[in-house]
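Undergrad: Kindly return the folded structure for what I paste below:
(one chain, ligands or ions: 1)
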Amino acid sequence: MPAQNALEAHIKKLIRAHGPITVAHFMELALTHPEYGYYARRDPLGAQGDFTTAPEISQLFGEMVGVCFADYWLKLGAPSSFHLVELGPGRGTLMADILHATQHIPGFHTAMRLHLVEVNETLRTAQRKLLTHPAITWHSHFESILCDAPIFVIANEFFDALPIHQCVYTERGWRERMVALENDSLRFALAPAATPINNLLEESAPIGGVREISPSSLSAINAISKAIATKGGLALIIDYGYTEHAAYRDTLQALKSHRYHPILETIGEADLTAHVDFAALSEAASAHCPVWPVATQGHFLTTLGIRLRAEKLATQASEEQRKALQAALHRLLDPSQMGTLFKVLSFSQKQIAPAYVET
Ligand code: SAH
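TA: Alright, predicted model coming up:
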């Protein structure tokens, strides 16, 4: 049996005292326990880390997000003050590329106040070093941002890190998947009776079908869409996930050093993610705002002009850099890579479509 770490010992103690915990509670502890959680201190990104994200692949990604925001800000009549909020900014790379792409838009940077929602101290330090804009504040939650002007929100690979509940449809109806103890080892087990999450599930499903529900994601979307409905602006939520409501798949996975890892082993040392339920997030946002149809990342980037921008960069690039640009385009756009698995959800106060949406 592998040696247990402090977080595993803590979780076992919790279960001994109070009984099995939900997958959502397990995920929350594994990812954001203030001392031992995966996101408490480590930098998970890049070749040395556990996974790589689109902004870490190429500057082109953040530049296209910048183009989308600048275009939208102009469509709103260039308001003299607005908030630009990033959820889970990682190393700050995406924000740096957004700032770079928008630096020559007259008035955009002077109108902007930046807010970074980040729990990880190591990443906050990296962001502080990279981003030199004079008006930046850090937050632990979106809800603590005082929104008194239009709000532009970007989240890339943030929602996949928020806790999910998992439920399995059985002959006796929905049963929640729990983390329990069996002979002093952690195991997944179904709750013997209905749990509160049952109230949020549809009546029936194929036997064995799994539904994943993320109340933390829904409440974040609720807060963002309410703020945008009141003050104006646009949110772009980019992540990997699905749009059909009845996928009934277990998508929870752990990743360590770019490989799949057993979920209940070396807890807090591997990244833990679930696919994002874009149908559920769209529905939550639509309670407050017009929601634009979910697009694939490939469509989003292509429509905003990523190929043109790559061609322009290529004119001043070495042969090696040109090859790297081609490889990056392939990774970001190709359906076999990130092009279709990754999706973009956007919502806004007004019926003004963002530039990548065909109306
Ligand atoms: N957006 C970045 C990083 C993605 S990794 C990129 O695309 O490269 C996920 C990011 O979300 C990290 O910055 C992590 O520290 C942060 N994070 C994870 N869970 C969080 C939570 N509950 N609250 C705030 N930030 C969180």
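
Undergrad: all contacts plus neighbour counts: C-alpha atoms, from now on.
TA: Will do.

Undergrad: all helices for this protein, in order.
TA: 6-18, 23-32, 38-41, 54-57, 59-75, 93-102, 108-111, 121-130, 215-231, 278-286, 297-303, 306-315, 319-333 (DSSP state H).

Undergrad: so which of these gets nearest His139?
TA: helix 121-130 (10.0 Å; Cα to Cα).

Undergrad: related to what we said a few turns ago, which one of the helices of the chain has the lowest average pLDDT?
TA: Note on the helices of the chain: helix 38-41 shows the lowest mean pLDDT, a mean of 90.

Undergrad: hmm, back to that, with mean neighbour count and distance to Leu345 as new columns, can the helices of the chain be given to me in TSV?
TA: Listed next are those as TSV, based on neighbours: other Cα atoms under 10 Å; distance: least, Cα to Cα, whole Å:
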stretch	mean neighbour count	distance to Leu345
helix 6-18	15	34
helix 23-32	22	23
helix 38-41	22	24
helix 54-57	20	16
helix 59-75	21	13
helix 93-102	21	17
helix 108-111	17	23
helix 121-130	16	25
helix 215-231	20	11
helix 278-286	20	7
helix 297-303	21	10
helix 306-315	14	18
helix 319-333	17	17
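
Undergrad: Save those helices as a markdown table, and put in distance to the ligand too.
TA: Putting the helices of the chain into a markdown table (distance: least, Cα to the nearest ligand atom, whole Å) gives the following:
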| stretch | distance to the ligand |
| --- | --- |
| helix 6-18 | 17 |
| helix 23-32 | 6 |
| helix 38-41 | 5 |
| helix 54-57 | 5 |
| helix 59-75 | 9 |
| helix 93-102 | 7 |
| helix 108-111 | 21 |
| helix 121-130 | 6 |
| helix 215-231 | 9 |
| helix 278-286 | 16 |
| helix 297-303 | 13 |
| helix 306-315 | 17 |
| helix 319-333 | 12 |
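
Undergrad: so which of the ones you listed gets nearest Leu162?
TA: helix 215-231 (6.4 Å).

Undergrad: helices or strands up against the closest one?
TA: strand 151-156, strand 233-242, helix 278-286, strand 342-348 (3 or more Cα pairs under 8 Å, 6 or more residues apart in numbering; DSSP states H and E).

Undergrad: Next, the angle strand 342-348 makes with it.
TA: If you take axes from the mean of the first three to the mean of the last three Cα atoms, to 10 degrees, helix 215-231 sits at 40 degrees to strand 342-348.

Undergrad: possible to save the helices of the chain as CSV with distance to Leu84?
TA: Shown next, in CSV, are those (distance: least, Cα to Cα, whole Å):
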stretch, distance to Leu84
helix 6-18, 35
helix 23-32, 24
helix 38-41, 23
helix 54-57, 17
helix 59-75, 9
helix 93-102, 10
helix 108-111, 10
helix 121-130, 15
helix 215-231, 12
helix 278-286, 18
helix 297-303, 20
helix 306-315, 22
helix 319-333, 24
